[in-house]
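**Student:** Curious how this folds, go ahead:
(one chain, ligands or ions: 2)
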Amino acid sequence: MNQAACALTIAGTDPSGGAGIQADLKTFQELKSYGMSVITSVVAQNTTGVKDIHDMPIDMLKKQLEAVSSDMPIHAFKTGMIASIEMMKAIKSWLPAVAAPYVMDPVMMAQSGDPLMEEESRLWLRDNLLPYTTLVTPNIPEAEDIIGESIQSIEDMKEAAEQIVTSFGASAALVKGGHRKGQAIDVLFDGSDIHTFSSKRIDTENTHGTGCTYSAAITAHLSHGTSLIEAIEQSKYFVTEAIRHSFELGQGSGPTNHFATREEVFNKWL
Ligand SMILES: Nc1ncnc2c1ncn2[C@@H]1O[C@H](COP(=O)(O)OP(=O)(O)O)[C@@H](O)[C@H]1O
Ligand SMILES: Cc1ncc(COP(=O)(O)O)c(N)n1
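**Tutor:** Ligands and ions are numbered 1, 2, ... in the order given. Okay, the predicted model is just below:
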């Protein structure tokens, strides 16, 4: 009998394929997890920005969640864009239906700077959903929003990660340093220790979908039963290679390359 590691993403869409649900499913596939998805919002966006957003009716969001969890195994899941408090409430009341690691990418804006979450929803997400997470993966502006303080140094990132766990109840917090200069350093507080994950900064504007790809990779590894630290280490490698081999596609920030670590595909280009 074939067994599969099953990973679910609950997020918004990106028809240009670099971020959101599309990035998540591609990443799950590359990392050999059976991918499943629940759509929160349909987003008309591309590499240049967000044109329009259509939120799923709440009833339809609930029915999608129920359809997956009543029938399919879920070994790990992530949330990305959740636009409104009503949607957050629907997800919160569904949580008891799953007993699996929960990775939250607290998506507030697209890389273009366009908002993907209503302003008043941010506090609700922090105070009501964050405490249920196995891991939350804010970038620096998102971490600043959660703790209400500015983050400049690596020391600040460490303090932010600790505070997100100790004051706001996440089991672990990974503060991502993509928005700083110099090395791309991410800081994890896992409830007891600080760990750092770093790579050289790649000189590219093509970073559309990096956060989605990273959190989806972590979710995929967790669905295989990998430990949190190992899942982040492997995912840092995956996202770094996806950025290094990103595509010059579209007129804005190009998308990451989800199959960059697949040697056989690579070799064709070398
Ligand atoms: N230019 C870059 N070179 C190498 N790694 C990067 C670069 N930009 C972002 N990263 C890494 O990509 C991941 C996503 O981070 P970040 O860009 O901060 O998140 P988000 O997409 O949510 O804004 C992190 O591991 C970060 O360190
Ligand atoms: C539906 C959706 N979710 C998330 C992002 C953020 O993408 P990034 O990974 O570049 O921060 C996005 N642009 N669209």
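**Student:** For the lengthiest helix in the chain, list the C-alpha coordinates in PDB.
**Tutor:** Looking across the chain with DSSP state H, the single longest helix is helix 228-244. The C-alpha trace of helix 228-244 is given here as PDB (Å, rounded to 0.1, in the frame of the first residue of the first chain):
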ATOM      1  CA  LEU A 228      11.700  21.500  13.300                       C
ATOM      2  CA  ILE A 229      15.400  22.500  13.200                       C
ATOM      3  CA  GLU A 230      16.200  20.000  10.400                       C
ATOM      4  CA  ALA A 231      13.100  21.100   8.500                       C
ATOM      5  CA  ILE A 232      14.200  24.800   8.600                       C
ATOM      6  CA  GLU A 233      17.800  23.900   7.700                       C
ATOM      7  CA  GLN A 234      16.600  21.900   4.600                       C
ATOM      8  CA  SER A 235      14.100  24.600   3.700                       C
ATOM      9  CA  LYS A 236      16.700  27.400   4.000                       C
ATOM     10  CA  TYR A 237      18.800  25.500   1.400                       C
ATOM     11  CA  PHE A 238      15.700  25.000  -0.800                       C
ATOM     12  CA  VAL A 239      14.700  28.700  -0.800                       C
ATOM     13  CA  THR A 240      18.200  29.900  -1.300                       C
ATOM     14  CA  GLU A 241      18.700  27.700  -4.400                       C
ATOM     15  CA  ALA A 242      15.200  28.800  -5.600                       C
ATOM     16  CA  ILE A 243      16.300  32.500  -5.300                       C
ATOM     17  CA  ARG A 244      19.700  31.800  -6.800                       C
END
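**Student:** How about that helix and ligand 1, touching?
**Tutor:** Yes: if you take Cβ under 6 Å from any ligand atom as the test, helix 228-244 does meet ligand 1, through 236, 239-240, 243. C-beta here means a position set from N, CA and C on the backbone, and glycine is covered the same way.
**Student:** which parts of the protein sit against ligand 2?
**Tutor:** So far as Cβ under 6 Å from any ligand atom goes, the chain lies against ligand 2 at 11-14, 19-20, 43, 45, 80-81, 107, 110-111, 116, 208-212.
**Student:** What residues does the stretch 101-250 of the chain have near ligand 1?
**Tutor:** Near ligand 1, when you scan the stretch 101-250 of the chain using Cβ under 6 Å from any ligand atom, you find 139, 176-179, 184, 186, 199, 201-202, 204, 207, 210-211, 214, 236, 239-240, 243.
**Student:** Helices of the stretch 51-200 of the chain, residue ranges please.
**Tutor:** 58-69, 85-94, 121-124, 140-147, 154-166 (DSSP state H, counting those that start in this stretch).
**Student:** just to revisit the earlier point, could I get the residues of helix 228-244 next to ligand 1 in a markdown table, plus columns for neighbour count?
**Tutor:** Formatted as a markdown table, those follow (neighbours: other Cβ atoms under 10 Å):
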| residue | neighbour count |
| --- | --- |
| Lys236 | 20 |
| Val239 | 30 |
| Thr240 | 22 |
| Ile243 | 23 |
